[in-house]
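Provide a 3D model corresponding to the input given below.
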Amino acid sequence: MRFRSPPNTVTLSLEILPDMLQDLITPWSPALTALLVVVDLFTTGHAILNKRDTRAAIAWVGFIWLVPIAGSLLYFLLGINRVRRRAQSLRTYPRFFRTRHFDTTQLTGSDYDAALADLGATMQRLARTMEGIHGSLLQAGNHVTPLNRQTAYPTMLDAIANSTTSITLMSYIFDNDPTGRQFVEALSGAVQRGVAVRVLVDDIGAKYTRPSIVRLLRKARIPHAIFLPRFAPWSFPYANLRNHRKVLIVDGNVGFTGGMNIRHGHSPDATNVRAIEDLHFRVTGPVVRQFQEAFAEDWHFTDGEQLLGITWFPPLAATGGSLCRGILAGPDETKENLRWTIQAALACANHRVAIVTPYFLPDSDLITALNMAVMRGTVVDIVLPRVNNQRLVEWASTAIRWQVLERGCRIWLTEPPFDHTKLMLLDDAWTMFGSANWDPRSLRLNFEFNVECYDRSLTQQLFQIVDDKIQRAIQLTQADVDARSLPLKLRDGLARLLSPYL
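Below is the predicted model of the structure:
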């Protein structure tokens, strides 16, 4: 007689386990099912109400119901714009400086038509569109002077040296290098003369050099603050909410803004290897008050101090013929101000558009706007550096250039030194300059400050600067893009997938 060996305990456990789980879960199945349905319904409702893009809403709703539990979890992790929510929650204080009582020279009603009459009906429509986007009116009587790498820092340092009442400076990058220390020395001298000084530096930008420039500011007893300090290296969301603005205001009546940080590469004596080409702008006139309002708002948020009174906001007289408006943009805004500004300008373009930017990663809407301008007969010139200082950005940008080349946009690649200029010109009368790039980080994730100007003379002067760049540049063609090898195309395509975060 043969005896069967006893069953293996592990095997028996595995055989019994599914039945045990089923016995445990079965009584709860109706409740769990109801809970899952409620969660999916709630998630679906959130996607329907908050996703502006219909395609994105449809995709998320389908994913939520086709992949129960996981779909809802992924939506809450990836589908909600926490950058905007975080930014808006940070700005819980009243915005004291976004008022109109300061704007003694802004244009209203028929004054718009009178001031813009010689610029044509197109500029009148564009000005009114921009008013709707930004909620502020144009400032008349301004003078704008373009500055390059040879003239910008000497002009800024001279203004600081001759200041008498106040200096406000905010910069994304403030390096501890020969140029940074030169600015600290000038600011320290102003403090010793009794000038009221405030310096605001972004926390990420302050750490581009070690030791940080903050140590020198503290040692020189220069009042300063750090924008959104990151106390922990894993606090990744703060990497998005950066203050990318670059603004200097002296005595409340002279403003500087553009693409230049405070670092030696922008200095006239920087070596060719380290040099960074750029444009900055000296501005006088009533619009400088909007520069100061932008600084005062960021300073109040960071430090808690309100900058009010004649020391910071003196009366401003007309100094020229430019009609200007300051453009505040950031993830805390209820509208995508910069994106709408660019789209409105492209929609109004009749003859020529020139774009100079170091980082060119437009989304599908901006690509469409560029192509529509070309198809209307507008010449669109896009000037980019041939060698970028951000390799991933360069690869991602290369992957999408065919989308504008195929419709007739012209892309020009400038030789080193690296060109950091941020400029947009329209027809013969409209200019926009400031801190923003043509990439998702500037258009969606960071705080930016730009200026739009309606001035025929200024626009023609800047078109000449752009044309000089184009004459020295290499034109990129569709054939050049198509000639890349398959490995390079795959590399660039993979980099493009990261473009929303670059």
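
phi and psi next, for the residue most central in space within the chain.
The centre of the chain sits closest to S442, judged by Cα atoms, centre = their mean, with a distance of 2.0 Å. Here is the backbone geometry of S442 (degrees, to the nearest 10): phi -70, psi -40.

distance of it from L35?
According to Cβ to Cβ, to the nearest Å, S442 and L35 sit 42 Å apart. (Glycine included, C-beta is placed from N, CA and C.)

what of I355?
Taking Cβ to Cβ, one finds I355 at 52 Å from L35.

same deal with W412?
59 Å.

among these two, which residue is more densely surrounded?
W412 (20 against 11; other Cβ atoms under 10 Å).

surely the more buried one is in a strand?
Yes. When DSSP: H, G, I helix; E, B strand; the rest coil is applied, W412 is found to be in a strand.

who's it bridged to?
V383, Q475 (DSSP bridges).

in the stretch 51-200 of the chain, which ranges drop under the pLDDT threshold?
Along the stretch 51-200 of the chain, the parts satisfying pLDDT under 70 run over 51-53, 55-56, 75-113.

tell me the confidence at the residue nearest to the residue nearest to the centre of the chain when sequence neighbours are not counted?
In space, and not counting its chain neighbours, S442 is closest to A436: 4.2 Å by Cβ to Cβ, 6 or more residues apart in numbering. pLDDT recorded at A436 is 95.

residues in contact with A436?
By Cβ atoms under 8 Å, 6 or more residues apart in numbering, the residues touching A436 are 244, 329, 338, 422, 442-443, 448, 450.

please repeat the previous calculation with a cut-off of 6 Å.
Contact partners of A436, counting by Cβ atoms under 6 Å, 6 or more residues apart in numbering, are 338, 442, 448, 450.

for the helix or strand hosting L187, buried residues please.
Assigned by DSSP states H and E, L187 belongs to helix 178-192. Within helix 178-192, the residues scored as buried using 16 or more other Cβ atoms under 10 Å are 179-180, 183-184, 186-188, 190.

and it, what other elements does it pack with?
helix 152-161, strand 196-202 (3 or more Cβ pairs under 6 Å, 6 or more residues apart in numbering; DSSP states H and E).

before we move on, back to that, farthest-apart pair in the contacts of A436, please.
Farthest pair in the contacts of A436 (Cβ to Cβ) is S442 and N450. Separation: 9.6 Å.

so G255 sits in a helix?
No. Assignment of G255 by three-state DSSP gives strand, placing it outside any helix.

gap between it and I249?
For G255, the distance to I249 - Cβ to Cβ - is 5 Å.

what touches both of those two?
F291.

return the distance of the helix holding L187 from the chain's centre.
28 Å (Cα atoms, centre = their mean, to the nearest Å).

can you list contacts of that helix?
157, 160-161, 163, 167, 174, 197, 213, 216, 220, 222, 262, 264, 267.

ok, now with 7 Å
Helix 178-192 is contacted from outside by 153, 157, 160-161, 163, 167, 174, 197, 199, 213, 216-217, 220-222, 262-264, 267, using Cβ atoms under 7 Å, 6 or more residues apart in numbering.

do stretch 484-502 as well
361, 392-393, 395-396, 398-400, 439-441.

between those residues, which sits nearest R230?
Relative to R230, and with distances defined as Cβ to Cβ, the nearest of the contacts of stretch 484-502 is R441, at 16.3 Å.

now do the SS call for the closest one.
Under three-state DSSP, R441 falls in the helix class.
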